[in-house]
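Asks: Have a look at this prediction, sequence included:
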Amino acid sequence: MGHPPIWPAGGLIGSIIFAALLLIGWGAFALRIDKLVRWMRVGRPENRFDHLGERVKYFTLMVLGQRGVLRDPLPGIAHFFTFWGFIVIQLDALNLWAQGFHFTIPIISSRPFAVVLDILIVLAFIALIEFAYRRLIVRPKQLASQSHSPVDAFVILGLILLVLLTLALYEIFAYVATGGTAWTPFGATIGHAWMGMSVSTATALMRVFWWANVLVVVSFLIYIPNSKHLHLMATPFNVFFRNMGPVGALQPIENLEEREDYGVHKINQFTWKQLLDGYACTECGRCNSVCPALATDKPLWPKEIILSVKEELFATGDGYLVGHQQEVDESKVEPMVGGRIKDETLWACTNCGACVEICPVSIEHVQKIDDMRRYLVMEESRFPQEVTPLFTNLERNQNPWEISNDTRAEWAQAIGVKTLSEDPAVEVLYWVGCMGSFDARNRKVATAFAKVMQAANVHFGILGPEESCTGDPARRIGNEYLWYMLASQNVETLNGYGFNKGAAVADSASNGNGHNGNGHVNTTPALTNAAQPSNGHGVGVEPGRAYNVKTVVATCPHCFNTIKNEYPQLGGHYEVIHHTEFIARLIDSGQLRLPVGFDKRKLTYHDPCFIGRWNGVYEEPRRVLNVINSDGVAEMKRNRNRSFCCGGGGGRVWMEEKIGKRINNTRVEEALSTGADAMAAACPFCITMFEDGIKAVAAQDHFAVEDIAEILARALEASPVAPGPTTARGNEAHP
Amino acid sequence: MNIVVCVKETPSTTAEKRFGPDMRLERRKEDAIINPFDEYAIEEGLRQQEKHAGSTVTILCMGPATATETLRRALAMGGDRGVLVTDPALEGSDAIATAKVLAAALDKIGYDIALFGNAAADSYGGVVPSATAEFLGQPLLSYASQLDIEGGNAKIQRQAEVGYSVVEAGLPVVVSVVKAINEPRYPSMKGIMQSKKKPLDTFSLADLGVDAALVGAGAAREKAQSAEKISTQRKGEIYMGNDGAADRVVAFLAEQKVL
Amino acid sequence: MANDIWALAEITNGRLASISLQVASKAAELAKALGGASAAVAMGANTQAAGQELGACGVETVYAAEGSVYDEYLIQPQVETLAALIQQHQPRLVLFGGTNFGRDVAARVAARLGLGLEYNVGEVTLEGNDVVMTVPAFGGAQAVKMAFQGEGTRLLGARPNAFPTVRAGGAATVQQVSPASAPTRGAKVSGPFGTEGAAEAGHLGKAPDGHDIWMPAATRAKLEEAQIIVSGGRGLGGPQGFAQIEELATALGASVGASRAAVDAGWIPYGHQVGQTGKTVKPTVYIACGISGAVQHKAGMGTSSLVIAINKDKDAPIFGFCDLGVVGDLNVVVPQLTAAVKRRKGE
């Protein structure tokens, strides 16, 4: 069944020519792939074979299920059909090639397969028209490129179209030539009308289109790995080898005090996975479209960074290959950092992670940017001048300012909060952070949160002068050494008070990954899966309790992220939660009773990047607001994982914002457009940035920014709640 | 050109400071930093070295034996070597004795230009550069907010209380710099690593040929009798309303001896 | 001899510094109390006129060395003359003003003659025959009482405005001293005063050596070096608000600073920005007008000796770390303050 009586190559000579053609095509393909793999391997080693089960699962979902691209419905569906059409056509190509050698492959040559194939040909054809329409008519800004021509995109569209066309025509004439034996839905439908054609003409045409199809597919083999459509092959690997988390952690520099190079300024200092990112980039531009720096006219195009790394690899990769005779004369090549990738591009990044979050092919932009910042700071000492006092003060005073760290607990004395040196038996450590400790505005937040905990009878304390900056701003700006010094000191302090979860956790964390003798280390104690955000609740909490003894609670998402996700790199494994999660747990367990609907204002909520995208905490703050506010949250257009940064992350709050529009003002305007009276926030840097932004757009008379803890503290003060039906308890709280 | 930058180790500006029973500062090692004013002198030395090929930069410090760490920190910014003058007999030296020792060390090291910060964060004396110039018998270019060296001649803009003047002198010369002269660099990790390998010589008083009887607490011509903590709390007086506010501010400035 | 108290006068291009009158007044007072003679040393141009002013503050003798060499070279001629006079007359104390000039001269003289030297003195008292000085240490965190030990002349540097000028109304005997000769290896004052911004500068006249003396239009110290800073923030309401700030600064001889908000709003250039990402300043007095005082601003000025705040928002954080806070409308208070300062200075 379905056997064509006529072999399409045209006899022995045809088969020989065809064999030669395949050899050339596959040979060129193999050579190129070999080169690409060898280039990729000039990168540093990195263990991306951990969590294999999870990887397979995610791979299935994202690659076979196309879940990533489907988030953008129309182009997503088009992509889905192109992808599957392509796969099925490739399978069919095997059969076509087999016929070149006078045999067929079962299953692929069956009628049901032909049905599937033809449906997909039609759907893929429609999808291609949609793509062309987008490129030519819609022209979304994200697809624009600074340095890359769109020709590539049309070449590939044209080639795929040719494959589809030649295949369809081949099917038609095969049907005609075989008198209906070579049945395909498509061939039968259209070929039926052409049955009058002579067999020899039909056979000739069938052979012409067979050869045309073979030629196009072979040219594909040669073209793809040499074009931007390299991503067709690299993407599945990139998704498979993606970062399994915790995504909020930057990878450490190993052997910090013994090595001679820091960060990345040449291609072989990236890891192989970072180089693979370049191959995998589809240039879809989604990262550009969500970047807050680019949206406010900063010279940062996340996509260009990934492509620049790839171009740099193509331009200089040969110099680093094993067995390459000539040393790379670095004085003669234009440096990558400062050349292809400009300093101001790297400094514009807020580390908000919007690019990483949206990338359908698991590219990690932020780690690369921060790796290059490390080079600028640690090797070149080249960074915005206004950062120097930050570094100096962090070193000398353990806080960003020229303020004695001895005064860290001053704010707390007024409300009777004790330090751990006074009361080491506390169950909960409130990690206040520098902003909460020293900044007048954020001291109000710290005070409010302390009052909330007092109202809930939480036995808590603070470290006071024993607390140092977590090092987060230093690390994000690229001063890994300073982070290491501050973090080590804090780990020692926390361990001294018995907060370390102990050796068991540490052991399991180092299983299957951990140090591997290179620039990057994977220490992954617990998985924070980007596809499945942690619900932040109930993980290992003792029954009947809102929290475990020896929990660290932070009001600052940056402190929270680095203690939770990065301190494990130094052997510090703690139970760390953000105060919005903590409050939600207190409400859920009934330990904190609130007057439901106390706040009558129209409220919007801003998701801080470092609890949201980097840690998956989206719903807890909303749950709390839904209890305290009569109408819940009036969402901004960009919310949850699409939240738009305040402009303060990645150390940006310590730098001048001289280029373009101010990010904080942009976000304040978005908040105002909801018609809200106030914006709830959950991060001291967001609050600082928005306080400025609100004044800058002259909205201070009718709009304010407040931490969730402040809203709660005001409610508790105004109407202390006795246990009763009007209070929020457990699941009554939220619909 | 031999550039020598003289630096002082001072307690951190935010550290809790206390006097011991002998009315001398109790130094805690972890609080020690490079006198922030001297960082500008180091930076200027390094910039001059970049401008004048073949120059060497030596960082010179007089202090306790533990000051090697502070000296390494200075060398992390740059410079070719460090020299620490340390001797138990130096403890409690006054400004003039300090200048005498620094001058002896400068003569031993050899210098074309000796750079100082214009004051120290812990004393705000600002007399050591001038006294050192005197012991060396060299001209002093003080309070420089700009320094140009050309053809064996050094020219500065000298910051005065108001405005500035231009002063010049032939090398060798002693120069003190003000903070307006530059922005000190932050040491790179490379610099920190390299600083550990840079030569660091230690001189005693005997090495310098300075009579121990002329320095230290015994030779100091001033003696602290007592110290009391001044409240660093802000006075926090609040004046409500516009009426009479201006007069209150003027009176306050007069009380504080500003006007 | 044993209880003679002197004052070192500072004369630049023929102008006597006001701090010289303060130290002269104190020298006269101490000499009287100790039963010694008081004198002042004046070197440079216009020493005759300076002698009269110093005499009016109570010093009995003025050693006057008239000569252009004192303005042509930096410090060294003054050191020559003062050292020679001290060796000749052996006074007990020489008071000098704690200015750049005073410190440079006194340090060299002390080094040359092996004399004791104390500086930054805020208060001098007599305990019997002993002179006791109060000196701030550690950025003002401690007040240390110091005494001289040993024999010989001692040099004592006074902080600006530490001693009041007392014009008792006497007349000094002016003793002419032959001027110093030019040093062989000298630091030569070669350029005009205030080269920068000469275009808009006022021409003040000719220096003794013939070079032009210029005074920049804005006779302002750079922010990092300024003793008084008047700073404006968002509360000014617009760029025109800085005109008031400028006027107050001019009246006080202060420099002008700004908060990041004012700079971001484009009311004043970045060079004036005080704060974490701007300049770090440490003046004697910082006057914040319309600045709320967020920690990012405090980071740049928190170590100022005195902070005065004017703000209409009584809850502004700056009122939490000021020495004097005015809760009021700066558009009213600042012009009144400018006028009051001018009155006080007799302008």
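Replies: Alright, I've got the coordinates. Residues are numbered from 1 along each chain as shown, chains lettered A, B, ... in the order given.

Asks: What helix or strand is A:Ile687 located in?
Replies: If you go by DSSP states H and E, A:Ile687 is part of helix A:684-696.

Asks: and that helix, is it in reach of chain C?
Replies: Yes - residues of helix A:684-696 contacting chain C under C-beta under 8 Å from any C-beta of the partner chain: A:688, A:691-692, A:695-696. The way it works is simple: take the backbone N, C-alpha and C, and place the C-beta from them, glycine included.

Asks: Helix or strand next in line after that helix, which one?
Replies: Counting by DSSP H and E, what follows helix A:684-696 is strand A:704-707.

Asks: per-residue confidence at residue 86?
Replies: Since you didn't name a chain, this refers to chain A. As predicted, A:Phe86 sits at a pLDDT of 84.

Asks: other chain: chain B
Replies: Value for B:Thr86, per-residue pLDDT: 97.

Asks: Show the contacting residues for it.
Replies: By C-beta atoms under 8 Å, 6 or more residues apart in numbering or on different chains, the contact set of B:Thr86 is B:62-65, B:67, B:202-204.

Asks: and the residue of the stretch 1-150 of chain C nearest chain B?
Replies: The nearest approach of the stretch 1-150 of chain C to chain B comes at C:Gly116, 2.9 Å away (C-beta to the nearest C-beta).

Asks: if we can go back for a sec, neighbour count and distance to chain A added to the contacts of B:Thr86, as TSV?
Replies: TSV is the format used below for these (neighbours: other C-beta atoms under 10 Å in any protein chain shown; distance: C-beta to the nearest C-beta, whole Å):
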residue	neighbour count	distance to chain A
B:Met62	25	22
B:Gly63	21	18
B:Pro64	18	19
B:Ala65	10	22
B:Ala67	25	16
B:Thr202	15	25
B:Phe203	20	28
B:Ser204	14	30
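
Asks: Mind checking which of these are in strands?
Replies: Those of the contacts of B:Thr86 mapping onto strands are B:62, B:202-203, per DSSP state E.

Asks: nearest to C:Ile310, of these?
Replies: B:Met62 (45.3 Å; C-beta to C-beta).

Asks: which ones are touching the residue nearest to the closest one when sequence neighbours are not counted?
Replies: In this structure, B:Met62 finds its nearest non-sequential neighbour in B:Val85, 4.3 Å apart by C-beta to C-beta, 6 or more residues apart in numbering or on different chains. B:Val85 sits next to B:60-63, B:101-102, B:105, B:202-205, B:208 when contact means C-beta under 8 Å, 6+ apart.

Asks: What separation is there between B:Val85 and chain A?
Replies: 25 Å (C-beta to the nearest C-beta, to the nearest Å).

Asks: Export the helix or strand containing C:Ser25 to CSV, keeping only CA atoms.
Replies: In the assignment (DSSP H and E), C:Ser25 maps to helix C:18-34. C-alpha atoms of helix C:18-34 as CSV (Å, rounded to 0.1, in the frame of the first residue of the first chain):
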residue,chain,number,x,y,z
SER,C,18,39.6,89.1,59.9
ILE,C,19,40.9,86.1,61.9
SER,C,20,44.0,88.1,62.6
LEU,C,21,42.0,90.6,64.6
GLN,C,22,40.5,87.7,66.6
VAL,C,23,43.9,86.3,67.6
ALA,C,24,45.3,89.8,68.2
SER,C,25,42.4,90.4,70.6
LYS,C,26,43.0,87.2,72.4
ALA,C,27,46.8,87.8,72.6
ALA,C,28,46.2,91.2,74.2
GLU,C,29,43.8,89.7,76.7
LEU,C,30,46.1,86.8,77.7
ALA,C,31,49.2,89.1,77.9
LYS,C,32,47.3,91.4,80.2
ALA,C,33,46.2,88.5,82.4
LEU,C,34,49.7,87.0,82.6
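
Asks: got the buried residues for that helix?
Replies: Across helix C:18-34, burial judged by 16 or more other C-beta atoms under 10 Å in any protein chain shown covers C:19-32, C:34.

Asks: Quick check on the residues of helix A:684-696 next to chain C: which are buried?
Replies: Here, 16+ other C-beta under 10 Å leaves A:688, A:691-692, A:695-696 buried among the residues of helix A:684-696 next to chain C.

Asks: Now pLDDT too, for the residues you listed, in CSV please.
Replies: Shown next, in CSV, are these (pLDDT from 0 to 100):
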residue, pLDDT
A:Thr688, 95
A:Glu691, 94
A:Asp692, 92
A:Lys695, 91
A:Ala696, 90
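
Asks: Could you point out the helix or strand that follows the lowest-mean-pLDDT helix or strand in chain B?
Replies: Lowest on mean pLDDT, DSSP states H and E among the helices and strands of chain B sits strand B:222-229, with a mean of 81. The C-terminal neighbour of strand B:222-229 among helices and strands, as given by DSSP H and E, is strand B:237-240.

Asks: Determine if any part of that next one is in contact with chain C.
Replies: Yes - contact of strand B:237-240 with chain C (C-beta under 8 Å from any C-beta) involves B:237-240.

Asks: Which positions within the following helix or strand past that strand qualify as buried?
Replies: Later in the chain than strand B:237-240, the nearest helix or strand by DSSP H and E is helix B:245-255. For helix B:245-255, a neighbour-count test (16+ other C-beta under 10 Å) marks B:245-246, B:248-250, B:252-253 as buried.

Asks: And the strands in the stretch 351-500 of chain A, which stretches?
Replies: Under the criterion DSSP state E, counting those that start in this stretch, strands of the stretch 351-500 of chain A are mapped to A:428-431, A:460-461.
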